[in-house]
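**Student:** starting from these lines, generate the structure:
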Amino acid sequence: MLASVVRGVGGGWTRRPVSVRAEGVREAGKEASVTEKQERWALFWCGLLHDVLFGDPDAKEVRRHLRELSKKEALFPNGKRRRPSLSTLERKLAAYREGGFEALARKRRSDRGRPRRVPPEVIATAVAAKKEQPLRSDETINRILEDRHGVTVPRSTLYRHLKDAGATRIKLGITKTPVRKRWTREHTHDLWLGDFEEGPYVADGDDLAPTYLSAFIDCHSRYIVEGRYYLSQRLDILIDSWLRALAVHGTPLVLYLDNAKVYHAKGLKAACYRLNVNLLHRPPHDPAPGGLIERFFGTVQSQFEAEVRAGDVLTLETLNRAFSAWLEVSYHQRINSDTGQTPQKRYKAGLTAIRSVDLNETHASFLERTTRKVSRDFADIRLHNRCYRVDKKLRGEKVEVRYDPFSGPETIEVYSLREEYLGQGILHARETGERPPPSATRQRKPEYDYPELLIRKHDEQLRKETHGIDYRPIAQRRAWPVHAFVKVLARLMGRTGGLGAFTGGEMEKLKKLYNRSTAVNEVLLKEAFRRADEKTIPYIAYELQRLLREQCREQR
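**Tutor:** Numbers count the residues shown, from 1 in each chain. Just a heads-up that it's a prediction; the model follows:
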């Protein structure tokens, strides 16, 4: 039993015993539960009247105590600070005596949920108009209300009543906002997300240049498989970042990227198909699915870039070194709030396999292809106002050129239109010309000696026509005969057989060389052989001609 103080019949206060059961439980059949908000109010009044409820004061002390409480400010559950009135304190004390704890809860209004300032027929019209056309805005509905009833309803009030009536877009089931699902994967490298983010400015010579952070994050572990700052966010930057990630970590099963144009490049698509990587893009105008990489960028901005901007301006190289250190020392070692593990530990625990990749084959996916015709005059290919020398045998032919469009290449790859590799094209300037490279290979003698056949046939014909008479030309004799010239050259070149050491074509060249000057002798031939860069007939002939010209100038 508890003692409670109540107002008596004559207006004074008397002490009466209160049964816990009688005061704490309502009559049978009545509901005694209260809401959380009502319970907060009941606890507030009980706490304020605690000394009166559970003390042992007389009527005069109760009156004095309540009067003192009415003069003090109290913080009410609704957040307002004010003084409770004496009448309110007396009413709450009496209510606790009559109905117990639940009696102190703030009572719901009897008209709760029903419009008090707006007539019900106005709300009914608004609800009917919204259900008839769910896409109607509050402005349109108010125009209808003004036409029908001559009144308008504030937007917040209108929405509250529409919500209670189940007449909003969400409740009518026509909202286009998708129901999200969280990105999650069971193992490392199951899914990578990639994107660009604007970074701090860096020193670029005497100027400042903006940077862009290109990053790829593993969904399972939140580990950054590649992150680096660049001075632009073009396709060549994406290729560099992507290849760096592949070189260290292999390939993912799925690659999820932004919907920007650079991520739809045909080279990137070709590389993903070659590597059996499922390439996905964010839906247009819907950035929410990229929240994982965006959250990482937010961490970078608050924990790393804020410190960079507070210090001296860095170079791009120093910025990337500091960023790599921050990743390894801080980010990868800090427990992630979503996974409950550090990215590095979770990365290793979830790693089941590394899918290795051939970087040369992957890089080939990003090569540009175009068709060009080889110049007949210069034996080269013109590409982006640059000329590339190719094999002279390709002059006049149409070929396919494959090249890196971002590096300003010194060489290009040349293929036939049937995908046959034809060699490389080397950057050159047409103005400088080209000295034909001499052939260093020794020409083999043909199996069938056609000139010997002709000579034999001709001799037979002469014998028939002259009856055995043989006319032989009288050759002018020189100081050093041609057969001696040929034998010396054969010996110098390490060939055996004398005149038979050379083919017919080589002998023809040697004879023409021999006939150019009567001054050819063994000394000049040996000196030309010594000077030749390569010990072949074209190089020896070139040096011998130079010696002969020098000799002529000296004689003049």
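**Student:** and the helices in the stretch 151-300 of the chain?
**Tutor:** 155-164, 169-172, 235-249, 266-274, 291-300 (DSSP state H, counting those that start in this stretch).
**Student:** any regions of the stretch 251-400 of the chain where pLDDT drops low?
**Tutor:** Scanning the stretch 251-400 of the chain with the threshold set as pLDDT under 70 gives 284-290, 361, 365-366.
**Student:** what's the longest helix in this protein?
**Tutor:** In the chain, assigned by DSSP state H, the helix with the most residues is helix 537-555.
**Student:** any chance of the helices of the stretch 151-300 of the chain in a markdown table, with mean neighbour count and distance to Tyr539 too?
**Tutor:** No exception for glycine: its C-beta is placed from N, CA and C like everyone else's. What follows is these, written out as a markdown table (neighbours: other C-beta atoms under 10 Å; distance: least, C-beta to C-beta, whole Å):
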| stretch | mean neighbour count | distance to Tyr539 |
| --- | --- | --- |
| helix 155-164 | 16 | 95 |
| helix 169-172 | 14 | 88 |
| helix 235-249 | 18 | 44 |
| helix 266-274 | 17 | 45 |
| helix 291-300 | 18 | 63 |
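**Student:** could these be laid out in a markdown table, adding distance to Gly100?
**Tutor:** Output for the helices of the stretch 151-300 of the chain, formatted as a markdown table (distance: least, C-beta to C-beta, whole Å):
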| stretch | distance to Gly100 |
| --- | --- |
| helix 155-164 | 32 |
| helix 169-172 | 39 |
| helix 235-249 | 68 |
| helix 266-274 | 71 |
| helix 291-300 | 50 |
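**Student:** out of these, which is closest to Ile224?
**Tutor:** The closest approach between Ile224 and any of these, judged by C-beta to C-beta, belongs to helix 291-300 at 7.2 Å.
**Student:** show me what the closest one is packed up against.
**Tutor:** The elements that helix 291-300 packs onto, with contact taken as 3 or more C-beta pairs under 8 Å, 6 or more residues apart in numbering; DSSP states H and E, are strand 191-198, strand 212-218.
**Student:** now render those as TSV, adding distance to Glu506.
**Tutor:** TSV is the format used below for the helices and strands packed on helix 291-300 (distance: least, C-beta to C-beta, whole Å):
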stretch	distance to Glu506
strand 191-198	63
strand 212-218	61
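**Student:** need the ones you listed in CSV with mean pLDDT and mean neighbour count, can you?
**Tutor:** Output for the helices and strands packed on helix 291-300, formatted as CSV (pLDDT from 0 to 100; neighbours: other C-beta atoms under 10 Å):
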stretch, mean pLDDT, mean neighbour count
strand 191-198, 90, 22
strand 212-218, 93, 23
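**Student:** so for Thr251, which of those strands sits nearest?
**Tutor:** Of all the helices and strands packed on helix 291-300, it is strand 191-198 that lies closest to Thr251, at 9.1 Å by C-beta to C-beta.
**Student:** in PDB, list the C-alpha atoms belonging to the closest one.
**Tutor:** C-alpha atoms of strand 191-198 as PDB (Å, rounded to 0.1, in the frame of the first residue of the first chain):
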ATOM      1  CA  LEU A 191      33.400  -7.000 -58.600                       C
ATOM      2  CA  TRP A 192      35.400  -3.900 -59.100                       C
ATOM      3  CA  LEU A 193      34.000  -0.300 -59.200                       C
ATOM      4  CA  GLY A 194      35.900   2.500 -61.000                       C
ATOM      5  CA  ASP A 195      35.400   6.200 -61.400                       C
ATOM      6  CA  PHE A 196      37.200   9.600 -61.600                       C
ATOM      7  CA  GLU A 197      37.200  12.300 -59.000                       C
ATOM      8  CA  GLU A 198      38.600  15.900 -59.100                       C
END
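**Student:** residue ranges with poor pLDDT in the stretch 51-200 of the chain?
**Tutor:** 56-57, 106-116, 175-185.
**Student:** my bad, the stretch 401-550 of the chain
**Tutor:** The low-confidence ranges in the stretch 401-550 of the chain, as defined by pLDDT under 70, are 405-408, 432-446, 448-449, 465-479.
**Student:** where do the strands sit along it?
**Tutor:** Taking DSSP state E, counting those that start in this stretch as the criterion, the stretch 401-550 of the chain contains strands spanning 411-415, 421-428.
**Student:** and the protein, what are its domain boundaries?
**Tutor:** 2-104, 120-172, 191-359, 367-432, 478-555 (automatic domain parsing).
**Student:** with distance to Tyr450 added, can I get those in TSV?
**Tutor:** Below are the domains of the chain laid out as TSV (distance: least, C-beta to C-beta, whole Å):
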stretch	distance to Tyr450
domain 2-104	113
domain 120-172	94
domain 191-359	51
domain 367-432	25
domain 478-555	9
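**Student:** among those, which is nearest Glu460?
**Tutor:** domain 478-555 (21.2 Å).
**Student:** that closest one: how far from the chain's middle?
**Tutor:** A distance of 66 Å separates the centroid of the chain from that of domain 478-555, by C-alpha atoms, centre = their mean, to the nearest Å.
**Student:** go on, stretch 402-417?
**Tutor:** For stretch 402-417, the separation from the chain centroid amounts to 25 Å (computed by C-alpha atoms, centre = their mean).
**Student:** list the buried residues of it.
**Tutor:** Across stretch 402-417, burial judged by 16 or more other C-beta atoms under 10 Å covers 403-404, 409, 412-414.
**Student:** name the residues that touch stretch 547-555?
**Tutor:** The contact list for stretch 547-555, computed with C-beta atoms under 8 Å, 6 or more residues apart in numbering, reads 516-517, 519-520, 524, 527-528, 531.
**Student:** nearest to Phe304, of the buried residues of stretch 402-417?
**Tutor:** Closest to Phe304, out of all of those and judged by C-beta to C-beta, is Asp404, at 32.3 Å.
**Student:** CA atoms only: put the longest helix of the chain into PDB for me.
**Tutor:** Output in PDB follows, covering the C-alpha atoms of helix 537-555 (Å, rounded to 0.1, in the frame of the first residue of the first chain):
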ATOM      1  CA  ILE A 537      79.800  -6.400-103.300                       C
ATOM      2  CA  PRO A 538      77.500  -3.200-103.100                       C
ATOM      3  CA  TYR A 539      79.500  -1.800-100.200                       C
ATOM      4  CA  ILE A 540      82.900  -2.700-101.800                       C
ATOM      5  CA  ALA A 541      81.800  -1.200-105.100                       C
ATOM      6  CA  TYR A 542      80.700   2.000-103.300                       C
ATOM      7  CA  GLU A 543      84.100   2.500-101.600                       C
ATOM      8  CA  LEU A 544      86.000   1.600-104.800                       C
ATOM      9  CA  GLN A 545      84.100   4.400-106.700                       C
ATOM     10  CA  ARG A 546      84.900   6.800-104.000                       C
ATOM     11  CA  LEU A 547      88.600   5.900-104.300                       C
ATOM     12  CA  LEU A 548      88.600   6.300-108.000                       C
ATOM     13  CA  ARG A 549      86.900   9.800-107.700                       C
ATOM     14  CA  GLU A 550      89.500  10.800-105.200                       C
ATOM     15  CA  GLN A 551      92.300   9.600-107.500                       C
ATOM     16  CA  CYS A 552      90.800  11.700-110.400                       C
ATOM     17  CA  ARG A 553      90.700  14.900-108.200                       C
ATOM     18  CA  GLU A 554      94.300  14.400-107.200                       C
ATOM     19  CA  GLN A 555      95.400  14.000-110.800                       C
END
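**Student:** farthest pair within the buried residues of stretch 402-417?
**Tutor:** Asp404 and Val414 (14.3 Å).
**Student:** excluding chain neighbours, what is closest to Gly504?
**Tutor:** Once flanking residues are discounted, Gly504 sits nearest to Pro451: 6.3 Å by C-beta to C-beta, 6 or more residues apart in numbering.
**Student:** and for that neighbour, the neighbour number?
**Tutor:** 9 (other C-beta atoms under 10 Å).
**Student:** before we move on, the earlier item: in the longest helix of the chain, what's buried?
**Tutor:** So helix 537-555, judged by 16+ other C-beta under 10 Å, has buried residues 537, 539-544, 547-548.
**Student:** OK, contacts around the nearest residue to Gly350 once chain neighbours are set aside?
**Tutor:** Residue nearest to Gly350 in three dimensions, not counting chain neighbours: Thr188, with 3.9 Å by C-beta to C-beta, 6+ apart. Thr188 sits next to 218, 220-221, 223, 346-348, 350-352 when contact means C-beta under 8 Å, 6+ apart.
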